[in-house]
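>>> Starting from these lines, generate the structure:
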Amino acid sequence: MKEFKLRPDDEFIKLGQLLKAVDLVSSGVEAKIEILNGNVSVNGEVCLMRGKKIHNGDIISFNGNEVKVTQ
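Numbers count the residues shown, from 1 in each chain. Below is the predicted model:
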């Protein structure tokens, strides 16, 4: 499982931005497509919102990869 550390001043990162930041997608457009196609889960539930706020402790699953967000 990968870890993504939020910047000290940030309380969250948007789902589409996170996928790109950890190199699971190559662009924001690709993130949007994968999210809208139902290929991304947040804490075990499919999420169709690209702008979903991802907080400390959330776990994102995509294409066999998991990312845990930490502070």
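>>> just the CA coordinates of the strand ranked longest in the chain, formatted as PDB?
When every strand of the chain is counted residue by residue (DSSP state E), the longest turns out to be strand 65-70. Extracted C-alpha coordinates of strand 65-70, given in PDB (Å, rounded to 0.1, in the frame of the first residue of the first chain):
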ATOM      1  CA  ASN A  65      -3.500  -0.200  -6.000                       C
ATOM      2  CA  GLU A  66      -4.300   1.200  -2.600                       C
ATOM      3  CA  VAL A  67      -3.200   4.600  -1.300                       C
ATOM      4  CA  LYS A  68      -3.600   5.600   2.400                       C
ATOM      5  CA  VAL A  69      -3.700   9.400   3.100                       C
ATOM      6  CA  THR A  70      -1.700  10.500   6.100                       C
END
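>>> so where's this structure uncertain?
Counting by pLDDT under 70, the chain contains no low-confidence residues.
>>> quick one, strands of the protein?
Taking DSSP E as the criterion, the chain carries its strands at 2-5, 12-14, 40-42, 45-46, 53-55, 59-62, 65-70.
>>> how deep is residue 53 tucked in, by neighbour count?
Per other Cβ atoms under 10 Å, the neighbour tally for residue 53 reads 12. To be clear about C-beta, it is placed using only N, CA and C from the backbone, and glycine gets the same treatment.
>>> returning to what we had before: as TSV, the strands of the chain with distance to residue 25 would be great.
Putting the strands of the chain into TSV (distance: least, Cβ to Cβ, whole Å) gives the following:
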stretch	distance to residue 25
strand 2-5	14
strand 12-14	13
strand 40-42	10
strand 45-46	16
strand 53-55	15
strand 59-62	8
strand 65-70	11
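>>> Check what contacts the longest helix anywhere in the chain and list those residues.
Using DSSP state H to assign secondary structure, the helix with the most residues in the chain is helix 28-36. By Cβ atoms under 8 Å, 6 or more residues apart in numbering, the list of residues contacting helix 28-36 from outside reads 15-17, 19-20, 25, 40, 47-50, 62-63.
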